[in-house]
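Peer 1: Curious how this folds, go ahead:
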Amino acid sequence: MAEKWRNWARQQTCTPARVERPANEEQLSEAVARAVRDGLRVRPVGSGHSFTDACLTDGVMVDQTGMQRVLDVDTASGLVTVEAGIKLHRLTAELHRHGLALENQGDIDTQSLAGALATATHGTGERFRNLSANVIGCRLVTATGEVVTIDEASAPDAWRAARVSLGALGVISHYTLRCVPAFRIHRIDEVRPAAAVLADLDRLVAAHDHFELLALPHTDKVLTYSSQRTDRPAAPPGRLTAWWNDDALPNAGLGAACRLGRLLPGAVPGIARAVAGVLGRYEQLGDSHRVYAHRRRVRFTEMEYAIPRAHAAEALERVRALIVDRRLPVLFPIELRFTAPDDAFLSTAHGRDTAYVAVHQVAGAEYEAFFRGVEAIMDEYEGRPHWGKRHFQTAATLAPRYPGWQDFQAVRARLDPGGTFTNDYVARVLGPAPAGRP
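Peer 2: Down below sits the predicted model:
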């Protein structure tokens, strides 16, 4: 019987012709070669945390869950080689054992490393780039089953393409990452007036190693996360305080609010104000990987746009106004984060200091009207959508927004001339497989 697959949000489903579960690079190579012999296309899958149809296929789905080993750690250089299927929470725990850490990290650590890198996943901090910027090299299985090594010295264009690839070049088996000595983070969460924070935004971003804010819909408040790196000893919050702030409020509380909001959409503004009213100051000081990541049990779908940082406050204000003006039943906060530029061809932060505006809707609720309204705003700032999150763009609308677009397409034509790794999503956002030579 065919195996049905669905993503984390349970809104993307497919029934592949077969699912391959390689345990090592050799088995991965054999699985890809077998698919090509059978005339089937191939899509890799990690934890299924992408909200788009990026992983869907009626061909061969390659599940890399069995490829999660740490292969080599050089503590002197900070270079670490791992299998691509490793989950971020497992990777960061292993790094910590060796006195190392990722330079920066997002707020969810359940993704596979390959999925996070392929979609340009990021954290926040004006001096720090997204995760893929620390990829030194990788090993990639092509449509012939051949394994090629890609790094900056031997193949600079392929290296800049493979770091954020959408899985369109092949299936990556190994990554080599540049890591940093382990460190701790002191983070303070507090609710502040939105107008005051946005007026002081540039200073706040510059003053903290990591700064982000969550604008609370239907209120004049934002929740700020202000973080500094430190070598001070860990000082974990009390168990009750941690449970309330890390679990009860963002999971049970938000989930209950969303369920009530779906039943009584007219009451959403009042529910939103009530939620904002129970948020208080929360302080953490702990190992970086423990402070960065949050547990997420409320299922949702998400859109996120990367825009030039200079427009961050204005864009956020326009999204807040959109929710109020259209009386949209939105309870999830609007997230605003920041990163430094990098040079991967399809990185959403390519060549510019970047702000990210993310909006969410609880799974099962209508989201399209809200997301299309947000996308129209972001289009005015040459916004680049997160590759793993909802958007309505096509290759024609995206190509002008990426200076390295044609460079990526040239690498794609060289590595996958037959379109083995193209599915409907890839064809829609990157265009059909380009003609090329093997």
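
Peer 1: Tell me where the stretch 251-400 of the chain has helices.
Peer 2: 254-263, 268-278, 288-292, 312-325, 368-379, 395-398 (DSSP state H, counting those that start in this stretch).

Peer 1: between those, which gets nearest to residue 37?
Peer 2: helix 395-398 (29.3 Å; C-beta to C-beta). Every residue, glycine included, has its C-beta placed from N, CA and C.

Peer 1: Packing partners of that closest one?
Peer 2: For helix 395-398, the packing partners by 3 or more C-beta pairs under 8 Å, 6 or more residues apart in numbering; DSSP states H and E come out as helix 424-430.

Peer 1: Going by neighbour count, which residues of the helix it packs on are buried?
Peer 2: 425-426, 428-430 (16 or more other C-beta atoms under 10 Å).

Peer 1: What is the nearest of these to residue 40?
Peer 2: residue 426 (15.2 Å).

Peer 1: residues touching the residue nearest to that closest one when sequence neighbours are not counted, list them.
Peer 2: Of all residues not flanking residue 426 in the chain, residue 168 sits nearest, at 5.0 Å (C-beta to C-beta, 6 or more residues apart in numbering). Residues counted as contacts of residue 168 (C-beta atoms under 8 Å, 6 or more residues apart in numbering) are 412, 416, 421-422, 426, 430.

Peer 1: and residue 168, helix, strand or coil?
Peer 2: Using DSSP: H, G, I helix; E, B strand; the rest coil, the structure places residue 168 in coil.

Peer 1: mind listing the helices for the stretch 101-250 of the chain?
Peer 2: Under DSSP H, counting those that start in this stretch, the stretch 101-250 of the chain gives helices at 113-118, 156-162, 194-199, 201-207, 239-243.

Peer 1: residues in contact with residue 15?
Peer 2: Neighbour list for residue 15: 2-5, 58 [criterion: C-beta under 8 Å, 6+ apart].

Peer 1: which one of those residues is nearest residue 72?
Peer 2: Nearest to residue 72 among the contacts of residue 15, with distances taken as C-beta to C-beta, is residue 5, at 31.6 Å.

Peer 1: and the closest one, bridged to which residues?
Peer 2: Going by DSSP bridges, residue 5 is paired in beta bridges with residue 14.

Peer 1: So what's the residue count around it?
Peer 2: 19 (other C-beta atoms under 10 Å).

Peer 1: ditto for residue 154
Peer 2: Applying other C-beta under 10 Å, I find that residue 154 has 11 neighbouring residues.

Peer 1: now swap in residue 396 and tell me
Peer 2: 8.

Peer 1: Relative to residue 66, how far out is residue 113?
Peer 2: For residue 113, the distance to residue 66 (C-beta to C-beta, to the nearest Å) stands at 14 Å.

Peer 1: whoops, residue 376 was the one
Peer 2: Taken as C-beta to C-beta, the span from residue 376 to residue 66 is 42 Å.

Peer 1: Of the contacts of residue 15, grab the buried ones for ChimeraX.
Peer 2: Selecting only the buried entries of these in ChimeraX, with 16+ other C-beta under 10 Å as the criterion:
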select :5
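
Peer 1: ok, the contacts of residue 15 vs residue 300, which is closest?
Peer 2: Among those, and counting by C-beta to C-beta, the member closest to residue 300 is residue 5, at 19.4 Å.

Peer 1: Find me the pLDDT at the closest one, would you?
Peer 2: At residue 5, the pLDDT value in this model is 96.

Peer 1: again with residue 181
Peer 2: Predicted confidence (pLDDT) for residue 181: 97.

Peer 1: just residue 1 next, same as before
Peer 2: 63.

Peer 1: what's the spacing between the residue nearest the centre of the chain and residue 358?
Peer 2: In the chain, the centroid-proximal residue (C-alpha atoms, centre = their mean) is residue 121; its distance is 3.2 Å. Using C-beta to C-beta, one gets 12 Å for the distance from residue 121 to residue 358.

Peer 1: Mind listing the shared neighbours of the two?
Peer 2: Listed as contacting both residue 121 and residue 358 by C-beta under 8 Å, 6+ apart are residue 386.

Peer 1: Low-confidence ranges, the chain, go.
Peer 2: For the chain, residues meeting the criterion pLDDT under 70 lie at 1, 435-438.

Peer 1: and with 50 instead?
Peer 2: Scanning the chain with the threshold set as pLDDT under 50 gives 436-438.

Peer 1: For residue 194, list the residues it contacts.
Peer 2: Residues in contact with residue 194 (C-beta under 8 Å, 6+ apart) are 215, 219-222, 320.

Peer 1: how close does it sit to residue 216?
Peer 2: Counting by C-beta to C-beta, the gap from residue 194 to residue 216 is 8 Å.

Peer 1: intersection of neighbour lists for these two?
Peer 2: With C-beta under 8 Å, 6+ apart, residue 194 and residue 216 have common neighbours residue 222.

Peer 1: Export the helices of the stretch 251-400 of the chain as TSV, with columns for distance to residue 350.
Peer 2: Shown next, in TSV, are the helices of the stretch 251-400 of the chain (distance: least, C-beta to C-beta, whole Å):
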stretch	distance to residue 350
helix 254-263	33
helix 268-278	35
helix 288-292	23
helix 312-325	17
helix 368-379	16
helix 395-398	12
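
Peer 1: Deepest in the core, which of these is it.
Peer 2: The highest average neighbour count among those, using mean count of other C-beta atoms under 10 Å, belongs to helix 288-292 at a mean of 21.

Peer 1: Give me the contacts around it.
Peer 2: Here helix 288-292 has contacts from 89, 92-93, 95-96, 101-102, 105-107, 109, 123, 182-185, 187, 227, 229, 284-285, using C-beta under 8 Å, 6+ apart.

Peer 1: how far is it from where the chain is centred?
Peer 2: 16 Å (C-alpha atoms, centre = their mean, to the nearest Å).

Peer 1: Output that helix as CSV - backbone C-alpha positions only.
Peer 2: In CSV, the C-alpha atoms belonging to helix 288-292 read as follows (Å, rounded to 0.1, in the frame of the first residue of the first chain):
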residue,chain,number,x,y,z
SER,A,288,22.7,29.3,23.6
HIS,A,289,21.0,26.4,22.0
ARG,A,290,18.6,26.1,25.0
VAL,A,291,17.7,29.8,25.0
TYR,A,292,17.3,30.2,21.2
